[in-house]
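Peer 1: here's a sequence, model it:
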Amino acid sequence: MGHGHGHGHGHGADSDRRYLAAALVLLVVFMAAEVVIGVIANSIALISDAGHMLTDAASIALALIAMSMAARPARGAYTFGWKRAEILSAAINGLTFVLLVVYFVYEGVRRLIEPPEVKGLLVFGTALAGIAVNAVAAWLIARADRSSLNVEGAFQHILNDMYAFIATAIAGAVVWLTGWGRADAIAALVVAALMARSAYGLLRDAGRILFEAAPPGVHPAEVSAAITAHGDVTGVEDLHVWTVTSGFPALSAHVIVKTGGDCHRIRRELAELLHERFHIDHTTLQVDHVPGTACRIVKASGSPHAGPPTAGIAS
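Peer 2: Purely as a prediction, here's the structure:
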């Protein structure tokens with residue numbers, strides 16, 4: 001039984017943490033100011049933006065915690081370490097979106113029916129400042145490793161908040177120039193729609209990993225066909241393809257080869273095939289002769305995530 005290539009991210013975890021921490025400080029300071037201004041201006045659009053920004057800050061805080069947990073080495077019963085902490089963080093971010101969508105849809109519809117008096121100029125000016133703050137925060141997080149679903153979840157929060165501020169700025173200008181107060185409620189509904197879109201994407205991607213579906217774009221039937229297309233392979237059984245965490249696809253399979261085939265060579269060739277064609281670096285292949293002659297394979301693990309080196313005997 002052998003293991004394929006290693007796994008790693010191209011960005012430094014320390015620099016990612018610095019970018020996220022800087023964005024967090026920026027958002028918390030502005031959010032506190034926006035809550036006060038939203039109450040003064042009586043604007044549900046501004047308050048919804050502040051609520052959205054609260055989830056931004058929470059998502060970044062969760063991302064930082066999850067990054068620290070995911071960096072812990074594999075130990076004891078946790079043979080993959082805590083690498084799925086970032087996926088749980090992304091799922092929590094998606095669920096906070098859902099809760100906020102419900103609230104802002106309710107409040108937006110209520111204010112459409114009974115529009116309150118809104119200070120449009122104050123809303124407009126605050127929204128413009130919010131656009132600038134979120135643009136800087138988005139730039140900071142974009143410099144981190146966005147292949148991580150955890151970081152991508154935080155980035156989507158910031159990006160959606162910037163779009164929401166654009167909608168709020170337009171609504172503030174309309175209220176200021178025309179006095180039509182319902183524009184503020186409509187902007188809140190636009191924010192809710194953006195949140196719903198992001199919630200769907202985050203929950204879908206996190207769900208695929210938590211339920212151990214095959215990575216996007218990797219179809220088990222195609223993987224099985226590619227393995228059995230090898231000249232010395234007669235069949236493949238117990239094929240499993242899943243994602244441990246963002247950017248860490250894994251595969252295990254029982255491969256049957258022709259009698260007399262070189263199990264060591266075939267395993268290496270299949271591992272290289274899976275790496276080049278499907279970008280799967282962590283592979284565990286049990287290679288057997290057919291029908292009954294087993295081949296002994298002893299090889300240390302080449303993956304930093306697979307625990308201590310092991311020797312496998314195909315049975």
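Peer 1: use CA for all of it now, contacts and neighbours both
Peer 2: OK.
Peer 1: what is the lengthiest strand in the chain packed up against?
Peer 2: When the chain is parsed with DSSP state E, its longest strand is strand 233-245. Packing partners of strand 233-245 (3 or more CA pairs under 8 Å, 6 or more residues apart in numbering; DSSP states H and E): helix 182-210, helix 220-228, strand 248-257.
Peer 1: give me the distance from the shortest one to the chain's centre.
Peer 2: Meaning helix 220-228. Centroid separation for helix 220-228 versus its chain: 27 Å, with CA atoms, centre = their mean, to the nearest Å.
Peer 1: tilt between it and strand 233-245?
Peer 2: With axes from the mean of the first three to the mean of the last three CA atoms, to 10 degrees applied, the angle from helix 220-228 to strand 233-245 works out at 130 degrees.
Peer 1: likewise the last one?
Peer 2: Orientation check (the same axes, to 10 degrees): strand 248-257 against strand 233-245 gives 170 degrees.
Peer 1: tell me the helix or strand right after strand 248-257.
Peer 2: helix 263-278 (DSSP states H and E).
Peer 1: could I get the buried residue list for that following helix?
Peer 2: 263-264, 266-267, 270-275, 278 (16 or more other CA atoms under 10 Å).
Peer 1: likewise stretch 207-214?
Peer 2: For stretch 207-214, a neighbour-count test (16+ other CA under 10 Å) marks 207-210, 212-214 as buried.
Peer 1: stretch 38-47 too?
Peer 2: By neighbour count on 16+ other CA under 10 Å, the buried set for stretch 38-47 is 38, 41-47.
Peer 1: kindly export it (C-alpha atoms) in PDB.
Peer 2: Extracted in PDB, the C-alpha atoms of stretch 38-47 (Å, rounded to 0.1, in the frame of the first residue of the first chain):
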ATOM      1  CA  GLY A  38     -27.700  54.300  11.300                       C
ATOM      2  CA  VAL A  39     -29.800  54.900  14.400                       C
ATOM      3  CA  ILE A  40     -29.500  58.700  14.000                       C
ATOM      4  CA  ALA A  41     -30.400  58.600  10.400                       C
ATOM      5  CA  ASN A  42     -33.200  56.000  11.000                       C
ATOM      6  CA  SER A  43     -32.000  54.000   8.100                       C
ATOM      7  CA  ILE A  44     -32.600  50.200   7.900                       C
ATOM      8  CA  ALA A  45     -30.200  50.100   4.900                       C
ATOM      9  CA  LEU A  46     -27.400  51.400   7.100                       C
ATOM     10  CA  ILE A  47     -28.300  49.200  10.000                       C
END
